[in-house]
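Trainee: A predicted structure for the sequence below; I have some questions about it.
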Amino acid sequence: MDIQTLRQTHPDHWMRATAIRALTLDAVAAANSGHSGMPMGMADVATVLFEKHLKFDPKAPRWADRDRFILSAGHGSMLIYSLLYLTGYADMTLEQIKNFRQWGAITAGHPEYGHVAGVETTTGPLGQGISNAVGFAMAEESLRARWGAKVQDHYTWVIAGDGCLMEGVSQEAIGLAGKQQLSRLIVLWDNNGITIDGKVSIADVTDQKARFAASGWDVFECDGHDPADIDRALTAAKASPRPAMVACKTHIAIGHAAQDTSKGHGALTDKAQLQAAKDGYGWKGGPFEVPADIKQWWESLGAKGAKARTEWEARLAALSPAKQAEFARIFALEAPAKLASIIRGVKKQAVADLPKLATRASSEKVLAAVNPVLPETIGGSADLTGSNNTKTADLGVFTPEDRKGRYVYFGIREHGMAAAMNGMALHGGVRPYGGTFMCFTDYARPSMRLSALMGIPVVYVMTHDSIGLGEDGPTHQPVEHLAISRATPNTLVIRPADLVEVAEAWEIALTEKTRPTVLALSRQNLPAVRKTHTNTNMVAKGAYVLAEATGKRQVILMATGSEVEIALKARDALEAEGIGTRVVSMPSMELFAAQDEAYRRKVLPPGPVRVAVEAGVRMGWDRWLLGERGREGKAGFVGMSSFGASAPMERLYAEFGITAEATVAAAKALL
Ligand SMILES: Cc1ncc(C[n+]2csc(CCOP(=O)(O)OP(=O)(O)O)c2C)c(N)n1
Ligand SMILES: [Mg+2]
């Protein structure tokens, strides 16, 4: 349908949707940057979605049973900002729209979680939103099964573009959602045939509808500008027993000189063209002006949501006080009071037994104790369950047949797993953890970065954390991955040395509220190094004195995880030669850096030579070796400076020189 026909056949709808187009044109023109074409093209679909289908209440943006609306094509941020402004979200004022993309404004270039009420997840890196959405839908299914439809019963809606569907992670997400039959997940594809470089066809000939169908989705189509046709397709998608994709045929930058071209993707700022587009729409408002009747209509639409929300509140209030408190607890990410005593129990038992265990096996022990008292945990692995030790007996398996199951077989989809876990954490009510090999942090990294950026407490269980995995060889041996994880802002990296440290690490991870945790765990067995019980969580200090020098303190050895054992052996040898040696276990650089100066000075006093031992690259260690009262001439590092190799572990440690002997030699050379 051309614009004139659309204006004539659906005049009211046309003007309501055009409010989005006009605000987008004005905001992008004012910022002199941004993306006009996508919000203009999808304005009709979004209007029908908000008018006829979306369950939302601008007065209660965090209401637990709202539908989730995710703009995966985050470059089209003016679409969501316009919708939030029009429907009356308090923080999305016209001032904010006028300050699109400016310092201090909540209207950032791409939608950012935590800045704007109504933005459910940070999008912009294409493919993430649609993949987060799978996690949202899984969390909803899980909570609905366990709490009942009276408390949890909503849809997850996604607007995704050609770019989102071309990104590899979307394949992982689509496959996972199809297998899990996530019938409350609906993807609205902005099928405009255009990306930045030109027509989609210059780079891709995929039959997207067939692709979704092949993974177990139901596929629908509509004319993305005809409100009646859109409503028909959305209604059908909701009724589908499978996840649904609606291919919405649209014109990018509809009504503008740049319509249907890649020029329409970006910032349309030419004044004459902008006015010509508005004239063609029949739009009378000046810049940032929405005629009162249209604004009123949008606000009344927003106000309608209060009914569903207050009804839900009444249903929640009808639950027993204990259940209400539990519901509030899981959504507030409060750990149950019992967690501390369970962790203490594991630690006490550990110092009684002094087990020789891989830290991945210690992790399973801790999870086995913790999962039964934390019903909010959802565990999983990217097809390495037996290796990551992430599954405990009580969890059950999350499937279409058993939504109460709390263990997810994510398949070989590290990126999709991480993105889905972000979605689960953002949905709320669940606390996801998932495993793969530390080396495949790389495969999950774009989503791990977003966990950190959004400040959400996803737990990454990364096992096989060094050359200590042995014969699988250098493709599987992480070398730079600890450094990469530590380099990421707002990410907590913990590499525990034994069962006690693992228990403490999990206690920290499960009480975090505002950042992800990467647990680096060994494949190989390790001796117990913490042999006396402390109620204090020593890992929470980041680093601490594990073994003190007996005579005059001449050497400080610092180590993490599997190399703490090596540092302790080196200490024995040095002490035997009369060289007083302290061993500092440093499971978390971030947590140690957060301690006050006085504590850090106690652990790392000036004077002694310092040698750090870690089977990874040196990057990240220099603060502790050279800074913090250390000196270049008195600091050494025993670790990796190349990729690993395929051989038994003992041989690898010897060949790469990560041994007690090498540590002793490094220390003595500095004395
Ligand atoms: C991972 C990632 N790669 C590249 C980009 C840069 N980028 C932003 S939008 C876009 C084109 C997207 O095309 P499409 O989804 O069809 O959006 P449309 O042009 O239709 O608005 C690209 C390459 C990005 N945001 N994320
Ligand atoms: Mg496109």
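Mentor: Structure received. Residues are numbered from 1 along each chain as shown. Ligands and ions are numbered 1, 2, ... in the order given.
Trainee: how about the contacts made by the residue lying closest to Ala420 once chain neighbours are set aside?
Mentor: Excluding the flanking residues, the one nearest Ala420 by Cβ to Cβ, 6 or more residues apart in numbering is Gly135, at 3.6 Å. (C-beta placed from N, C-alpha, C; glycine too.) When contacts are counted by Cβ atoms under 8 Å, 6 or more residues apart in numbering, Gly135 is found next to 419-427, 432.
Trainee: which of the residues you listed sit farthest apart?
Mentor: Of all pairs drawn from the contacts of Gly135, the one with the largest separation by Cβ to Cβ is Ala419 and His427; the distance is 12.8 Å.
Trainee: which of the two has more neighbours?
Mentor: Between Ala419 and His427, counting by other Cβ atoms under 10 Å, Ala419 is the more crowded of the two (32 against 27).
Trainee: was I right about that one contacting Ser131?
Mentor: Yes. The pair Ala419 / Ser131 is scored as a contact, 3.4 Å apart, by Cβ atoms under 8 Å.
Trainee: circling back to that earlier point, list the buried residues in the helix or strand encompassing the residue nearest to Ala420.
Mentor: Using DSSP states H and E, the element containing Gly135 is helix 128-147. When neighbours are counted by 16 or more other Cβ atoms under 10 Å, the buried residues of helix 128-147 are found to be 128-144, 146-147.
Trainee: now swap in stretch 213-230 and tell me
Mentor: 215-220, 222-227, 229-230.
Trainee: any figure for the gap between the residue in the stretch 501-650 of the chain positioned nearest to ligand 1 and ligand 2?
Mentor: Ranking the residues of the stretch 501-650 of the chain by distance to ligand 1 (Cβ to the nearest ligand atom) places Pro516 first, at 19.6 Å. Pro516 sits 31 Å away from ligand 2 when distances are taken as Cβ to the ion, to the nearest Å.
Trainee: helix/strand/coil for the closest residue to that residue other than its chain neighbours?
Mentor: If the residues on either side of it in the chain are set aside, Pro516 comes closest to Ser451, at 3.8 Å by Cβ to Cβ, 6+ apart. Three-state call for Ser451 (DSSP: H, G, I helix; E, B strand; the rest coil): helix.
Trainee: give me the number of residues near Ser451?
Mentor: Ser451 is flanked by 29 other residues according to other Cβ under 10 Å.
Trainee: show me what contacts whatever residue of the stretch 251-400 of the chain ends up closest to ligand 1?
Mentor: In the stretch 251-400 of the chain, the residue that lies nearest ligand 1 is His265 (3.7 Å; Cβ to the nearest ligand atom). If a contact means Cβ under 8 Å, 6+ apart, then His265 has 35, 37-38, 194-196, 252-253 as its contacts.
Trainee: swap in Leu301?
Mentor: 50-51, 87 are the contacts of Leu301 under Cβ under 8 Å, 6+ apart.
Trainee: just to revisit the earlier point, near ligand 1, list only the ones from the contacts of His265.
Mentor: With the criterion set as Cβ under 6 Å from any ligand atom, the members of the contacts of His265 near ligand 1 are 37-38, 194-196, 252.
Trainee: buried members of the residues you listed into PyMOL, please.
Mentor: To isolate the buried subset of the ones next to ligand 1 among the contacts of His265 in PyMOL, counting by 16+ other Cβ under 10 Å, use the following:
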select buried, resi 37+38+194+195+252
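Trainee: just the ones next to ligand 1 among the contacts of His265: which are in helices?
Mentor: Secondary structure assignment (DSSP state H) places 37-38 from those within helices.
Trainee: so for stretch 305-316, what gets flagged as buried?
Mentor: Using 16+ other Cβ under 10 Å as the test for burial, stretch 305-316 gives 305, 308-309, 312, 316.
Trainee: how many neighbours does the closest residue to ligand 2 within the stretch 101-250 of the chain have?
Mentor: Shortest the stretch 101-250 of the chain-to-ligand 2 distance, computed as Cβ to the ion: residue-wise this is Asp162, at 3.7 Å. Per other Cβ under 10 Å, the neighbour tally for Asp162 reads 23.
Trainee: for ligand 1, see how far away it is.
Mentor: Look at Asp162 and ligand 1: by Cβ to the nearest ligand atom, to the nearest Å, they are 3 Å apart.
Trainee: check the gap between that residue and Ser201 for me.
Mentor: Spatial separation of Asp162 from Ser201 under the definition Cβ to Cβ, to the nearest Å is 10 Å.
Trainee: and for Glu507?
Mentor: For Glu507, the distance to Ser201 equals 54 Å [Cβ to Cβ].
Trainee: more neighbours, these two?
Mentor: More neighbours sit around Glu507 than around the other of Glu507 and Ser201, counting by other Cβ under 10 Å; the figures are 23 against 9.
Trainee: which other helices and strands does the helix or strand containing that one contact?
Mentor: In this assignment (DSSP H and E), Glu507 forms part of helix 499-509. Judged by 3 or more Cβ pairs under 8 Å, 6 or more residues apart in numbering; DSSP states H and E, the packing partners of helix 499-509 are helix 338-353, helix 359-370, strand 492-494, strand 517-521.
Trainee: go again with 7 Å.
Mentor: helix 338-353, helix 359-370, strand 517-521 (3 or more Cβ pairs under 7 Å, 6 or more residues apart in numbering; DSSP states H and E).
Trainee: report the helix or strand with the lowest average pLDDT across this structure.
Mentor: Taking mean pLDDT, DSSP states H and E as the measure, the helix or strand of the chain with the lowest value is helix 3-9, at a mean of 94.
Trainee: which strands or helices does the helix or strand just after it pack on?
Mentor: Note on helix 3-9: by DSSP H and E, the next helix or strand toward the C-terminus is helix 11-31. Contacts defined by 3+ Cβ pairs under 7 Å, 6+ apart place helix 11-31 against helix 37-48, helix 77-87, helix 94-98, helix 271-281, helix 292-317.
Trainee: how far is the second one from where the chain is centred?
Mentor: The gap between the average C-alpha position of helix 77-87 and the chain average comes to 24 Å, counting by Cα atoms, centre = their mean, to the nearest Å.
Trainee: would you pull up the residue in the stretch 401-550 of the chain closest to ligand 1?
Mentor: As assessed by Cβ to the nearest ligand atom, ligand 1 sits closest to Pro446 within the stretch 401-550 of the chain, at 7.3 Å.
Trainee: can you get me a residue count around the closest residue to that residue other than its chain neighbours?
Mentor: Counting by Cβ to Cβ, 6+ apart, Pro125 is the residue found nearest to Pro446 once chain neighbours are left out, at 5.9 Å. Residues contacting Pro125 under the criterion other Cβ under 10 Å number 20.
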